[in-house]
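In: Pasting a predicted model and its sequence here:
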Amino acid sequence: MRVDVLFAPSQLAPALMTGRVVAVIDVLRASSTIATALANGAKAIVPLAEAEEVITRAKQFERGEVKLAGERRMLPIAGFDLGNSPREMTREAVDGRTVLLSTTNGTRALVGVQGARDVVIASYVNFSAVCALLRTALRGGTEVTLLCAGSDKQFSLEDAACAGRIARIATKRINGVQLNDGATAAGLIDKRYGDNVDRLLRECEHGRALTEAGFADDLAPCAALDSCPVIPIYQDRQITKLGPDRER
Ligand code: MLT
């Protein structure tokens with residue numbers, strides 16, 4: 001049984017997806033935004049790589065049923081209802097609605113995963129819920145891949161730290177789990193920051209870029225451990241919340 005951490009989608013290979021549970025991590029901000037939207041009652045999130053796809057897909061819905069959301073260079077996309085901020089995913093904005101979401105790295109990483117047994121979206125805000133699912137998978141003999149969305153195809157400190165923490169907690173007291181070197185390195189990064197996720201998000205490159213772009217207030221909600229205890233699961237090209245209405 002293995003847990004592999006990949007620091008960017010370019011590291012994905014069929015053997016690291018097929019039959020596995022793959023957790024996609026984009027702490028700043030797509031994964032945190034998705035978990036927040038589902039916790040606040042969004043019916044589903046449809047991740048789309050391109051902004052044009054959002055506009056085309058929206059035509060299949062009644063206007064009141066759907067929200068167009070996403071960012072480019074961190075800023076809301078012109079003409080869309082919402083950006084990619086977890087603070088915008090309020091109950092008032094998303095309850096009962098489908099959110100069509102296009103982001104630079106997060107949604108692109110997600111739509112690139114093929115052939116997995118399950119694809120889940122992980123972040124600090126839904127950390128324990130996702131770890132519980134991964135523990136069950138590992139106990140049942142299913143291998144796990146933790147895919148960091150990264151930033152512009154490069155390594156992201158915050159995604160790596162979150163992956164390291166997930167690898168540590170999800171494998172606790174389960175015998176015979178092998179970690180790849182990525183998981184070991186991610187564990188060291190997690191250790192460096194410990195529970196000080198606020199500091200991690202302030203110091204990492206993307207956290208600093210968000211602050212400069214006027215989104216400093218997004219860092220605290222993305223650091224809020226277990227504030228949105230949902231398991232977002234990506235199946236049939238949409239993300240819904242695993243729970244009583246949605247069995248695997
Ligand atoms: C992304 O998917 O690239 C991000 O979540 C960027 C952001 O909005 O901060």
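Out: It's in. Numbers count the residues shown, from 1 in each chain.

In: Report the central residue of this structure.
Out: The residue lying closest to the centre of the chain (C-alpha atoms, centre = their mean) is residue 31, at 2.7 Å.

In: Counting neighbours, what do you get for the residue lying closest to that residue once chain neighbours are set aside?
Out: Nearest non-adjacent residue to residue 31, counting by C-beta to C-beta, 6 or more residues apart in numbering: residue 123, 3.7 Å away. Every C-beta, even on glycine, is put in place using the N, C-alpha and C of the backbone. Each residue near residue 123 was counted by other C-beta atoms under 10 Å, and the total is 34.

In: Run through the residues that contact the residue nearest to the centre of the chain.
Out: Counting by C-beta atoms under 8 Å, 6 or more residues apart in numbering, residue 31 touches 24-25, 106, 121-123, 125-126, 149.

In: gap between it and residue 234?
Out: 11 Å (C-beta to C-beta, to the nearest Å).

In: One more: residue 119?
Out: For residue 119, the distance to residue 234 - C-beta to C-beta - is 4 Å.

In: overlap in contacts of these two?
Out: Joint contacts of residue 119 and residue 234 (C-beta under 8 Å, 6+ apart) are 24, 110, 113.

In: Which secondary structure elements does whatever helix or strand the first one lives in sit against?
Out: When you say that, I think you mean residue 24. Applying DSSP states H and E as the criterion places residue 24 in strand 21-25. Judged by 3 or more C-beta pairs under 8 Å, 6 or more residues apart in numbering; DSSP states H and E, the packing partners of strand 21-25 are helix 106-111, strand 118-122, helix 127-139, strand 144-148, helix 157-171.

In: what lines up beside that strand in the sheet?
Out: Paired neighbours of strand 21-25 in the sheet (DSSP bridges): strand 118-122 (parallel), strand 144-148 (parallel).

In: For those, give me JSON lines that also has mean pLDDT and distance to residue 60.
Out: JSON lines is the format used below for those (pLDDT from 0 to 100; distance: least, C-beta to C-beta, whole Å):
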{"stretch": "strand 118-122", "mean pLDDT": "98", "distance to residue 60": "22"}
{"stretch": "strand 144-148", "mean pLDDT": "98", "distance to residue 60": "29"}
